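Chemist: here's a sequence, model it:
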Amino acid sequence: MKSAGYIATGGNQGLLKILKLPATSPSNNTSPIAVSSNLSMNQNLDGHSNIVHIAEWNECYQKLTTCDSNGLIIVWLTQSDSWYEEMINKRNKSIVVGMAWSHNGTKIAIAYEDGQAIIGSVDGSRLWNKNIASNLVTLCWSGDSTLIMFGLIDGEIHAYDAVGTFVHKLRMVCIENVELETALNNLFIIKFSISRRVYIPDDRPQFLVAYNHGTVQLMRHENDSNPVIIKLPNMILSKARWSPDGSMLAICGLQTNSEDEKCMVHFATAYGEPLRNLPIPGQTIADISWESEGLRLCAAVDSHLFFANIRPNYKWAYCGQTVIYSYERMENKEHCVVFFQTKLEEVYIQYVKPIVALAASNEHCILISRIENQFGQYLMQICNGIGTTIDSKYTNLEPKHVVMNDSEVVIADNLSFTIWQYNIPCAVNREINLSADNSIQNDQKLYYIDETDEVDATSLNLMRRRAQVLKQQQKDEICAIGISKQFILVCRNSGVAHYYSLPEVTLQSVLNLGCCVEKLELNCNGTRLAALTAKGLKLFELRDNSVVSLYLERSDVWNIKWDSEKDDTIAVMEKMRLCVVRNKETEEPIVNNGYICSFKNLIVRTVLLDEIMKNPETPHISFIIDVEIKLLRNVKNLLEKMKIQEATEFIEKNNHPKLWALLAEVALNRLDTALAEHAFVMLKDYAGIQLIKRINALKKTVVVEKVLILCKCSQHDGFKKAEVATFYGYIDEAEKIYMENDRRDLAIELREKMNDWFRIVEILQKSRQPGDDELLKKAWNHVGDYYAERQKWYDNDHDKIFLGLIRFNRLYYTVHDIY
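Modeler: Below you'll find the predicted structure:
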């Protein structure tokens with residue numbers, strides 16, 4: 001059973017093995033697909049004597065059904081993690097060409113080459129049998145298990161109901177214009193997509209019909225008259241499988257357009273849009289199978305099993321310290337956007353219209369959703385880290401590519417883009433009107449990549465221009481967009497990138513990258529760019545409106561993020577490893593399979609989205625992994641060993657604000673003000689420099705026989721350390737130092753600066769001194785204000801009214817005067 005991690009593989013001479021992948025659980029730095037591929041079970045099953053060519057799981061009843069080329073069918077069941085033979089069936093008259101369990105696991109359909117079809121129950125009894133037609137090649141159940149589809153050798157598909165009555169013949173648009181000889185012996189698989197975990201839109205195809213000559217027809221239902229056709233030229237197909245959620249399919253076969261034929265797996269969306277090609281070494285690829293979570297794909301090539309990790313393209317973003325992601329709820333077909341605030345470990349959920357795109361920059365993100373009942377119109381919302389909308393706008397441009405910086409959002413379709421200059425301070429009081437008919441702003445401009453003139457998005461010319469573009473059927477479309485503070489780069493399929501200046505949006509130059517970019521990332525100052533292509537990662541440097549390759553290429557890269565402070569350092573996710581590249585130097589990779597959230601302060605933050613998506617409503621902080629890069633680890637190691645001089649020299653050679661901040665903190669803990677001041681100067685930290693001045697000027701006054709005497713003693717160091725602790729936010733530690741040195745007044749003053757009146761009340765109650773009454777009264781008033789703001793008038797756990805009598809009476813008389 002795929003849901004339990006089992007893999008059934010059959011071969012020549014009756015070979016049948018049951019393999020099991022190890023059980024996985026979230027760890028500190030990896031997700032389940034990052035674990036080793038070592039098997040926890042490898043059992044040989046005896047019973048077949050010829051080629052085992054069909055294996056079908058019954059997930060509901062935990063059974064496996066296999067068949068060999070002699071027509072022997074065996075049903076296996078599991079007990080105590082071992083598999084045993086349960087039933088045997090053999091019809092000696094013909095070869096079995098297809099088997100399929102109904103989606104509820106109660107019935108099995110078996111098709112024979114001579115046209116005989118048998119329907120049986122899960123307990124082994126025969127329900128009915130019928131001679132369908134000669135030369136059957138395959139079969140499958142419909143999505144609701146009410147129909148059985150039989151594929152014939154001439155490429156046709158006939159539908160029968162659950163009792164064997166012919167219903168109708170399906171229309172195969174993909175072979176209507178194909179010669180009969182080409183269609184013969186080409187139909188090899190028909191399959192319905194069944195997903196019990198996510199909602200499937202009505203317009204998404206769920207039924208695939210694949211032919212060996214490279215044609216796949218995708219249908220929304222068995223009566224679909226307008227199917228999606230996929231054509232893979234120079235490809236001999238062998239299998240096609242839906243992903244578990246039905247959002248994409250994998251098609252495998254032999255690529256014949258190169259000198260050496262090679263095994264290939266094509267990935268496409270359920271709508272037929274190509275996603276990725278995966279070449280696999282070997283001579284023949286026989287079958288493929290998805291893992292139950294859709295995060296791995298197993299391919300049977302020659303005598304080997306290959307596992308490919310699948311990286312889903314989630315709709316997600318990261319702003320501030322908040323992970324934002326969207327998912328669909330199966331029970332009520334709602335789209336949810338989750339804001340997971342990682343610092344406070346709080347979750348905020350929004351229920352929105354269908355989410356089309358998500359992007360983020362620093363402290364804000366943009367959500368783009370489709371407006372229902374208004375074709376081609378989208379709502380754009382700028383949100384903060386807790387999901388509060390602070391600006392919004394409508395657009396009628398399909399957002400296939402979305403990027404943003406701190407002031408602009410760029411939205412692009414295949415041939416044009418528009419820029420929204422949002423203004424957060426002016427947008428706080430702006431309301432969203434979902435019912436407005438004239439909601440598209442008049443100042444929205446469209447920029448076509450083939451022309452330098454801007455086009456008013458609200459003018460009649462827009463529709464005319466779009467019609468002209470459709471007539472031209474231009475294929476050099478936009479494939480990726482990158483943005484910095486000064487410019488944007490618009491990449492096209494041909495490998496060129498258009499350089500537009502900001503904020504005037506003027507075309508400055510056209511750069512030749514020489515590759516089709518899938519994702520583009522610009523560094524912190526816009527001098528370098530990282531381009532993700534189908535072959536991997538390429539780095540470029542921008543010089544005077546021209547681009548120069550940095551001759552650094554890495555394959556199998558699927559996620560990247562530049563350092564937000566250094567322009568020459570980038571974090572790269574390559575397969576199941578996190579690598580940090582600085583110029584041409586690459587650090588030792590670290591096992592990690594998360595998506596990169598941010599790269600700052602020499603720490604790469606990753607999130608295990610695969611784990612979060614299993615229970616998206618309840619994310620856990622353990623799925624957020626912070627990885628320190630080698631540079632930071634080395635400096636920490638030197639500072640822990642108190643090799644201050646070596647650490648200082650190392651930091652001067654590898655200048656970075658985070659390293660100087662570490663050195664400053666260690667120096668202050670040692671009260672080495674000279675070194676700390678040097679570090680603060682390098683950081684340009686004015687507050688730190690002022691701290692050094694206060695520490696150097698600090699004197700302790702001691703009263704001896706009513707005479708103030710300035711003296712230097714060991715207590716000076718204590719007060720200096722208290723200043724340092726306060727500077728770094730260690731308030732409890734600073735208070736402890738003051739109290740140990742009998743300076744309760746300084747401890748109270750510190751808490752007053754922090755507005756911590758609860759702690760002041762505790763201090764005054766524990767150590768009463770003359771003159772504390774006024775201060776205690778003031779503290780209780782502030783405590784009362786705290787509870788009054790929250791409408792909490794009593795605390796049941798205490799015998800006091802925490803509001804405070806004075807504050808309560810003031811509120812009472814104020815209300816009385818009003819009425």
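Chemist: ok, K262 - how many residues close by?
Modeler: By other Cβ atoms under 10 Å, 16 other residues sit near K262. The C-beta positions use only the backbone N, C-alpha and C, and glycine is treated the same way.
Chemist: let me see the contact set for it.
Modeler: K262 sits next to L254, Q255, P279, I280, P281, G282 when contact means Cβ atoms under 8 Å, 6 or more residues apart in numbering.
Chemist: what's opposite the first one in the beta bridge?
Modeler: Read it as L254. When bridges are called by DSSP bridges, L254 pairs up with I236, C263.
Chemist: give me the buried entries from the contacts of K262.
Modeler: By neighbour count, with 16 or more other Cβ atoms under 10 Å, the contacts of K262 hold L254, Q255, I280, G282 as buried.
Chemist: ok so, going back, closest one of the contacts of K262 to Y271?
Modeler: Ranked by distance to Y271 (Cβ to Cβ), the contacts of K262 are led by Q255 at 23.1 Å.
Chemist: excluding chain neighbours, what is closest to that closest one?
Modeler: M264 (4.4 Å; Cβ to Cβ, 6 or more residues apart in numbering).
Chemist: and the one you found, how many residues sit next to it?
Modeler: The number of residues packed near M264 is 21, by other Cβ under 10 Å.
Chemist: correct me, but it touches N234?
Modeler: No - M264 is beyond contact range of N234, at 10.1 Å (criterion: Cβ atoms under 8 Å).
Chemist: overlap in contacts of the two?
Modeler: Looking at what touches both M264 and N234 (by Cβ under 8 Å, 6+ apart), the common residues are Q255.
Chemist: can you give me the helices in this structure?
Modeler: Assigned by DSSP state H, the chain shows helices spanning 180-183, 461-472, 609-612, 630-640, 644-653, 657-669, 673-683, 686-696, 715-727, 731-740, 744-753, 757-766, 772-789, 805-818.
Chemist: can you tell me which of these is nearest to L344?
Modeler: Among the helices of the chain, helix 609-612 comes nearest to L344, with 16.9 Å by Cβ to Cβ.
Chemist: next one: the closest one to chain centre, how far?
Modeler: Remark: helix 609-612 is offset 8 Å from the chain centroid, using Cα atoms, centre = their mean, to the nearest Å.
Chemist: which residue, other than its chain neighbours, is closest to K400?
Modeler: Among residues not flanking K400 along the chain, D413 sits closest, at 5.2 Å (Cβ to Cβ, 6+ apart).
Chemist: revised request: answer the last question for Y728.
Modeler: E665 (6.6 Å).
Chemist: what's the answer for P589, then?
Modeler: The shortest distance from P589 to any non-neighbouring residue, by Cβ to Cβ, 6+ apart, is to R577 (3.7 Å).
Chemist: swap in I7?
Modeler: Among residues not flanking I7 along the chain, L19 sits closest, at 4.3 Å (Cβ to Cβ, 6+ apart).
Chemist: repeat that for Q421.
Modeler: Among residues not flanking Q421 along the chain, E408 sits closest, at 5.3 Å (Cβ to Cβ, 6+ apart).
Chemist: what's the answer for S238, then?
Modeler: Using Cβ to Cβ, 6+ apart, the nearest residue to S238 is G253, at 4.9 Å.
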